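Novice: let me see the structure of the following:
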Amino acid sequence: MKRLSELTLDNRFARLGDTFSTAVAPLPIAAPRLVVASPAALALLDLEPAAADDPQLVAFCAGQQPWPGAEPRAMVYSGHQFGFYNPQLGDGRGLLLGEAVNAAGERWELHLKGAGKTPYSRMGDGRAVLRSSIREFLASEHLHALGVPSSRALCVISSDTPVWRETEERAATLLRLAPSHVRFGHFEFFYYSRQPEALRQLLDHVIAEHFADCLAQPDPYRAFFDRVLERTAALLARWQAYGFCHGVMNTDNMSILGITFDFGPYAFLDDFDPGFVCNHSDDTGRYAFDNQVPIAHWNLSALAQALTPFVDKDSLLDSLKRFLPLFRGSWLELMRRRLGLVTAEAEDRERVQRLLQLMQGSAVDYSRFFRELGDSPAPAALQRLREDFLDLAGFDAWAEDHLARLARDGEPDEAARRARMQAVNPKYILRNYLAQEAIEAAERGDYGPVRELHAVLSRPFDEQPGMERYAERPPEWGKHLEISCSS
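Specialist: Numbers count the residues shown, from 1 in each chain. I've put the predicted structure just below:
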């Protein structure tokens, strides 16, 4: 393991030139202090857990001291926001510092959010606030622990620097990690601004660094699109299976790596409601939970359009046809695992859909249902869960069918089935009210609750004695919190 002083950065993206990003120095924040750090994210950089206590980490992430080898850059991109094209966006409050190479040969880009104004800040101040930084930190690390691809979060730094949103708040920074911070909107920017050579340069860079296997294909650019599509389909399957609602699926928030990216007003489902809208600003429900799959398909179509100078349109359309079958196959396999099944039957999709309809009609807690289904032998679990349903006849019919399905599945060891289910059905899930409680404590200067919540959510499948309150049903007020983009 390394000490923080031994970590130096490189920046291959910066070497693409000023067409793709602008050199900007971080603007320091005053009286910085560590709110929370992730030992698992530190380990990605081969840093020992004690690095979280190193004053240099706070100085680096507060913009008070340059990271050795860092070349901070604000990336330029565009994107479709709520369906409408915005010709120039870019890193308005974040900077790509550089990348570190760990002992396994993995490259991790370090991106500092809340680093101050850039040429792409538009009317913004370039700052992040404590609440949004905590929310992204918690979600990034929790999704990873659930097995959902995500950018990672190393630490949150608070400060005494005032910023104004609806009221006066305090500036914060978040250091996040990802193998790449390139998004669909990067390609859209160079396509719509009619810079084909820059678009080709970006494609060649991304393929060489992140999709090298495509270089052996007859058409590397189409192969690249196919890989992005496949990863996006797998990501959406996991979002839908675990009840995650992103909230702002603009094309500038879609990673070419198929990872969860750019957290705004996200939420995990409490009661199962397919039409749930987690973003207070989403008046039309464009990014409702049950609309995430068609929106992902739409976003891939926007990326495909940006690639038309180099890839035949008909071949891109053929690729797009693969998205829904890929998503459905991945999602159904995940749902089988959540139900404790190891074999496949043609009727499984209909069985899962019937269950979800019953859950919707009775406002059943989505995460707790699957966890409790695997916490005891199936007949006893179903008898207990029956109490949560209004349509008792409908649930009884589903339960009888499920027991027969388990019998045909051929798993003679009940304990083994339950262990498999507990390994994929979390006991602990990041609920909005839990995040809100931790945020309010942090805003008072008490960082204990956010650190404890992070520790619990980092082991979502494990029984954790003494932490049962984090697994309780949410209070009614906790189900109706409104989260806006300003957070």
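Novice: for the residue of the chain most remote from its centre, grab phi and psi.
Specialist: Here the chain reaches farthest from its C-alpha mean at A393, the gap being 37.8 Å by Cα atoms, centre = their mean. Here is the backbone geometry of A393 (degrees, to the nearest 10): phi -60, psi -40.
Novice: ok, now which ones touch it?
Specialist: Going by Cβ atoms under 8 Å, 6 or more residues apart in numbering, A393 touches no other residue. Using the backbone N, CA and C atoms, a C-beta is placed for each residue, glycine as well.
Novice: so how far is A423 from R337?
Specialist: In this view, R337 and A423 are 9 Å apart by Cβ to Cβ, to the nearest Å.
Novice: strand partners (parallel or antiparallel) of the strand ranked longest in the chain?
Specialist: Counting by DSSP state E, the longest strand found in the chain is strand 152-164. In the sheet, strand 152-164 lines up against strand 33-37 (antiparallel), strand 168-178 (antiparallel) (DSSP bridges).
Novice: give the buried residues for the helix or strand just after the longest one.
Specialist: In the C-terminal direction, the helix or strand that comes right after strand 168-178 (DSSP states H and E) is helix 184-192. Of the residues in helix 184-192, those buried under the neighbour-count criterion (16 or more other Cβ atoms under 10 Å) are 184-191.
Novice: tell me which other helices or strands whichever helix or strand comes after helix 184-192 touches.
Specialist: Next in sequence after helix 184-192, counting helices and strands by DSSP H and E, comes helix 196-210. Packing partners of helix 196-210 (3 or more Cβ pairs under 8 Å, 6 or more residues apart in numbering; DSSP states H and E): helix 184-192, helix 220-242.
Novice: again, only this time at 10 Å
Specialist: Using 3 or more Cβ pairs under 10 Å, 6 or more residues apart in numbering; DSSP states H and E, the elements in contact with helix 196-210 are helix 184-192, helix 220-242, helix 292-307.
Novice: tell me which of those helices sits most buried.
Specialist: helix 184-192 (a mean of 24; mean count of other Cβ atoms under 10 Å).
Novice: more crowded one of R337 and A423?
Specialist: More crowded of R337 and A423, by other Cβ atoms under 10 Å: R337, with 17 against 13.
Novice: element containing the more buried one, please.
Specialist: Here R337, judged by DSSP H and E, is contained in helix 323-338.
Novice: give me the buried positions along that helix.
Specialist: Applying 16+ other Cβ under 10 Å to helix 323-338 flags 323, 326-327, 330-332, 334-338 as buried.
Novice: can you check stretch 464-471 too?
Specialist: Quick answer for stretch 464-471 (16+ other Cβ under 10 Å): 467, 470-471.
Novice: nearest to E166 among these?
Specialist: Within the buried residues of stretch 464-471, proximity to E166 (Cβ to Cβ) peaks at Y470, which comes in at 28.7 Å.
Novice: returning to that earlier point: ok and the helix holding R337 relative to helix 292-307, angle-wise?
Specialist: Here the directions of helix 323-338 and helix 292-307 differ by 140 degrees (axes from the mean of the first three to the mean of the last three Cα atoms, to 10 degrees).
Novice: list of residues touching the helix or strand following helix 323-338?
Specialist: Where DSSP H and E defines the elements, the next helix or strand beyond helix 323-338 is helix 348-362. Here helix 348-362 makes contact (Cβ atoms under 10 Å, 6 or more residues apart in numbering) with 241, 269, 271-275, 328-329, 331-333, 335-336, 338-339, 341, 345, 347, 364-366, 369-370, 373, 388-392, 394-395, 397-399, 401-402, 405.
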